[in-house]
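Participant: how would this look folded up:
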Amino acid sequence: MHLSQDTTERLAPIAFAAGVVVAGAAMWRAKPSAFDMPEPAPIHDDHAPGRLARFARGSRDRIARVAPGNLAVAVGRSLVISGAALLIVRLFDELSARR
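Facilitator: Numbering: from 1, shown residues only. Got it, this is the predicted structure:
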């Protein structure tokens, strides 16, 4: 079966969107530990940490509260949502015969 160039150009975004969804789902499901947020490093000084160290530690802790626990999960979820949106829009384009 040979597809015309017009058909190929119309189907390419659908194939791309499906690939993005599959890649995102794989990242979301796999949760590779290499992308886990690191735990805070312990302070090994015998004396009280300075103002800069306390500021850095406090800032790190506040950022960690809103950051994802695993970066691959967050990126995977975003890919699934983006790919699904592209797929839905492209399918609606096909249904409405707008090119």
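Participant: from here on, just use CA atoms for contacts and neighbour counts.
Facilitator: Will do.
Participant: for the residue nearest the centre of the chain, what are its contacts?
Facilitator: The residue lying closest to the centre of the chain (C-alpha atoms, centre = their mean) is residue 75, at 1.0 Å. Contact analysis of residue 75 by C-alpha atoms under 8 Å, 6 or more residues apart in numbering lists 24, 27-28.
Participant: ok, now how distant is residue 11 from residue 23?
Facilitator: 18 Å (C-alpha to C-alpha, to the nearest Å).
Participant: now do the end-to-end distance for stretch 58-72.
Facilitator: One end of stretch 58-72 sits 25 Å from the other (C-alpha to C-alpha).
Participant: gap between residue 73 and residue 25?
Facilitator: According to C-alpha to C-alpha, residue 73 stands 9 Å off from residue 25.
Participant: looking at the chain, which helix or strand is least sure?
Facilitator: Within the chain, no helix or strand scores below helix 51-66, which has a mean of 85 by mean pLDDT, DSSP states H and E.
Participant: ok now the following helix or strand past it, how far from the chain's centre?
Facilitator: Downstream of helix 51-66, the first helix or strand assigned by DSSP states H and E is helix 71-96. Taking the mean C-alpha point of helix 71-96 and that of its whole chain, the gap between them comes to 12 Å (C-alpha atoms, centre = their mean, to the nearest Å).
Participant: next one: stretch 5-23
Facilitator: Put simply, stretch 5-23 sits 20 Å off its chain's centre (C-alpha atoms, centre = their mean).
Participant: would you mind pulling the contact partners of that stretch?
Facilitator: By C-alpha under 8 Å, 6+ apart, stretch 5-23 touches 76, 79-84, 86-87, 90-91.
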